[in-house]
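**Student:** coords below, sequence missing:
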């Protein structure tokens, strides 16, 4: 019985440490997006945190996020 109790305590400790590493869980649901992409009828990418907008959707979709990153860094 003592071994079972110690094993349970160790399991709880590991679960707590894992939770601390992961942080708070946020569902990727409507309203929690970082960026909004509009590709039709016009082209626009808008970052909801920094309010940066660009009409060069092809570059953003290809990975050119420098404009968004720089604005985020400025706000820190």
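**Tutor:** Arrived safely. What you see is a predicted model, and the numbers here were worked out from it, not measured in a lab.

**Student:** Make sure residue 27 is indeed in a helix.
**Tutor:** No - assessed by DSSP: H, G, I helix; E, B strand; the rest coil, residue 27 does not belong to a helix; its assignment is coil.

**Student:** which ones are touching the residue positioned nearest the centre of the chain?
**Tutor:** Geometric centre of the chain, nearest residue: residue 34, 7.3 Å, by Cα atoms, centre = their mean. Contacts for residue 34 (Cβ atoms under 8 Å, 6 or more residues apart in numbering) come out as 47, 48, 49. No exception for glycine: its C-beta is placed from N, CA and C like everyone else's.

**Student:** need those in CSV with distance to residue 14, neighbour count and pLDDT, can you?
**Tutor:** Below are the contacts of residue 34 laid out as CSV (distance: Cβ to Cβ, whole Å; neighbours: other Cβ atoms under 10 Å; pLDDT from 0 to 100):
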residue, distance to residue 14, neighbour count, pLDDT
47, 37, 20, 94
48, 36, 12, 90
49, 33, 11, 87
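
**Student:** Look up how far residue 16 lies from residue 5.
**Tutor:** 17 Å (Cβ to Cβ, to the nearest Å).

**Student:** Longest helix in the chain, please.
**Tutor:** Determined from DSSP state H, the single longest helix within the chain is helix 2-22.

**Student:** Could you tell me how far that one lies from the centre of the chain?
**Tutor:** 27 Å (Cα atoms, centre = their mean, to the nearest Å).

**Student:** likewise stretch 66-76?
**Tutor:** With Cα atoms, centre = their mean, you get 15 Å for stretch 66-76.

**Student:** and what of stretch 29-49?
**Tutor:** The chain centre lies 14 Å from the centre of stretch 29-49; the measure is Cα atoms, centre = their mean.
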